[in-house]
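> please find the sequence and the predicted model below.
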Amino acid sequence: MASSIIGDMTELFPGERTTGYDVTGRLGTDYYAVFADLDDADREVWERAQRFVDEVADRMREAWDTAQYPLEVARRFGELDLLTDGIDHPALTRMSPLAAGLVNMEVSRGDGSLGTVLAVQGGLALRTLALFGSPAQQDDYLVPVARGEVLASFALTEPDHGSDSVSLETVARRTETGWMLRGAKKWIGNGASGGITFVWARVDDEGADHHGAVQCFLVPQDTPGYTGTVITGKASLRGIHQAHITLDDVQLDADALLPGAHTFKDASTVLYSTRSGVAWSALGHATACYEAALQYAQQRVQFGKPLAKFQMVQERLTGMLEDLTAMQLYCRWMADLETRGQLRPVQASLAKYHNTRAARRIAQVARDLLGGNGILLEYGVMQHMSDIEAIHTYEGTESVQALLIGRDITGMSAFA
């Protein structure tokens, strides 16, 4: 509130009587009652995620503004048993696909960096270990990673290979005692957090059956030759650090190899599983933007009446709700398909393709409806708008998703 304090009296200046706008609260938008029939177990997980988001909200706002990665928040994530991402393993607490999606949606509604912590720690790293790790590797790391006690990363993308990650050049050479890794990786969440990294590399082992194959290695980040450098200057996902990694003849014992990962298709299996999580994350961002715009339109007065009484504003809000409801329906049906064991990877690609595009549209309209206030971080929309740009790209760009879907519906590959 703009004011002048004189003794015990507060003077309001003409034209500055509004103290601000409360636009970040949850409205529970669910126009088609898509989530009205949750069972008690799924609802408890969702509510636990909501409490977590509320608990760390102030810290995450500060972290995003200052480009810090609050590791204590990542560990708190695990303490609340919210990182397992629906992974089916006897050592992990099982979430249904719907509950896992709701967690992803809720944490992204609160903060996109939190959503990326979940995508990296749970969706990528923990899933890789659960699917492909040896019993010894799982005994050592599975529960600590799930609990956030050990931060973990998934290193596939390279500086020269993003969408064409199948062409990765990081090499793993056989040695007398195990393996030597040499190469570089980029955009690796948690890659400089002091934990462990699952490095995908091309095997150089002349005469062996797996020569030339892409396999995965568990690398503690304190291993000599491993250097993770935080990437600075990001305008998106500023509350989590991504790293540029160099592997300078990193020496590993033979048991560093994940025995269940044999080819690049295994890396793709992990990526397909997390693609649905990106669709849920986009829904979380879009929900925050739509609800902020709706609340702002109800509170902001111009020309003597709330913005919500203007026809143009109501039409824009309706268009946003149209997109948001479609996103919810995509996510719910995708979760139901996965529960029945019927979800195909390309169906997750379609959900990711649709939802990140729709989230972009919703965020743009929300920013516009908030006018000049739309660029202020305190109202959330600009932060979500920036973070959506990252999820629109990672786990497969819009173009890659379109080519995957196009190949499926036409039976013809258009990949170069």
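Noted; the coordinates are in hand. Residues are numbered from 1 along each chain as shown.
> average pLDDT for the lengthiest helix in the chain?
The longest helix of the chain (DSSP state H) is helix 264-299. For helix 264-299, mean pLDDT is 95.
> going forward, the N-terminal residue is numbered 23.
Sure thing, new numbering starts at 23, so read that last one as helix 286-321.
> that one - contacts with which helices or strands?
For helix 286-321, the elements it packs on are helix 119-132, helix 134-139, helix 149-154, strand 236-242, strand 327-328, helix 333-361, helix 367-391, helix 403-415, judged by 3 or more Cβ pairs under 8 Å, 6 or more residues apart in numbering; DSSP states H and E. Any C-beta I mention is one placed from the backbone N, CA and C, and that applies to glycine too.
> next SSE downstream of the fourth one?
Using DSSP states H and E, the helix or strand that follows strand 236-242 in sequence is strand 248-252.
> what about that following strand, distance to the chain center?
Taking Cα atoms, centre = their mean, to the nearest Å, one finds strand 248-252 lying 21 Å from the centre of the chain it belongs to.
> what is that strand packed up against?
By 3+ Cβ pairs under 8 Å, 6+ apart, strand 248-252 packs against strand 264-275.
> what's Gly108 in contact with, if anything?
When the contact criterion is Cβ atoms under 8 Å, 6 or more residues apart in numbering, the partners of Gly108 are 116-119, 121-123, 360.
> of those residues, buried ones?
117-119, 121-123, 360 (16 or more other Cβ atoms under 10 Å).
> circling back to that earlier point, and among the helices and strands packed on helix 286-321, the most buried is which?
Comparing those by mean neighbour count (mean count of other Cβ atoms under 10 Å), helix 134-139 comes out on top with a mean of 29.
> list the contacts of that one.
Residues outside helix 134-139 that contact it (Cβ under 8 Å, 6+ apart) are 75, 78, 82, 85-86, 91, 95-96, 99, 126, 129-130, 211-212, 258-262, 303, 306-307, 405-406, 408-410, 412-413.
> which pair in the contacts of Gly108 spans the largest distance?
Greatest spacing in the contacts of Gly108, by Cβ to Cβ: Arg116 and Gly123 (14.1 Å).
> doesn't Gly255 belong to a helix?
No - looking at Gly255 with DSSP: H, G, I helix; E, B strand; the rest coil, it is coil, so not inside a helix.
> burial check on it, number of neighbours?
Using other Cβ atoms under 10 Å, Gly255 is surrounded by 6 other residues.
> and it, how far is that from Ile413?
Separation of Gly255 from Ile413 (Cβ to Cβ, to the nearest Å) stands at 19 Å.
> go on, Val95?
Look at Val95 and Ile413: by Cβ to Cβ, they are 19 Å apart.
> do the same with Glu198
In terms of Cβ to Cβ, Glu198 sits 44 Å off from Ile413.
> show me the domain layout of the protein.
62-168, 174-286, 287-432 (automatic domain parsing).
> for Arg39, which of those is the nearest?
Checking these against Arg39 by Cβ to Cβ gives domain 287-432 as the closest, at 10.1 Å.
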